[in-house]
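# sharing a model prediction with you, sequence too.
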Amino acid sequence: MHRALIEPADAGDAAAVVALWRACGLTRPWNDPEADFALAVAGPASVVLVARGEGISGSVMVGFDGHRGWVYYLAVAPERRGAGLGRALMAAAEAWLLGKGAPKLQLMVRDDNEAALGFYEALGLERQKVVVLGRFLGEGEASPL
């Protein structure tokens, strides 16, 4: 089992958390992870939780839109995987959402990410009968999600 302290990140954690997200393959060229981090840390309806031990070994971004809780960027450093840290981060995310009054937790996983799908299913999350639709807003050419 893990021995890390899980707590909210602050602005000073941005570089380490974004580096972790990149090391775990969670970033995409069309998303700005620094902006995502800054918005989540500054917002009253969102948080980035980090696992601290010898540095930041895991993180999860959590938000509540008033209807559902959302989980993003769950990351565990590759050398720390398999010790329960991902489960602990998800438990902390759920506790944060319960504290906000969220009745349901949701997250999106790319359909070809079998490892992540297996992880979440092992935690009791179920595939939902919904289709996610989207569009990029603002200037520039649309990029694939």
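Received it, and whenever you're ready, just let me know what you need.
# so what strands line up beside the longest strand anywhere in the chain?
Longest strand of the chain, by residue count under DSSP state E: strand 55-64. When pairing is defined by DSSP bridges, strand 55-64 lines up against strand 46-53 (antiparallel), strand 69-76 (antiparallel).
# quick one: mean pLDDT over the first one.
On average, the pLDDT along strand 46-53 is 96.
# for that strand, buried residues please.
46-51 (16 or more other CB atoms under 10 Å). C-beta coordinates here come from the backbone N, C-alpha and C atoms, glycine included.
# coming back round to it: report the distance from the longest strand of the chain to the chain centre.
The chain centroid and the centroid of strand 55-64 are separated by 6 Å under CA atoms, centre = their mean, to the nearest Å.
# excluding chain neighbours, what is closest to L89?
V60 (4.5 Å; CB to CB, 6 or more residues apart in numbering).
# next one: the one you found from E7, what distance?
Here V60 is placed at a distance of 12 Å from E7 (CB to CB, to the nearest Å).
# overlap in contacts of those two?
L49 (CB atoms under 8 Å, 6 or more residues apart in numbering).
# more neighbours: those two, which one.
V60 (25 against 13; other CB atoms under 10 Å).
# alright, calling it a day.
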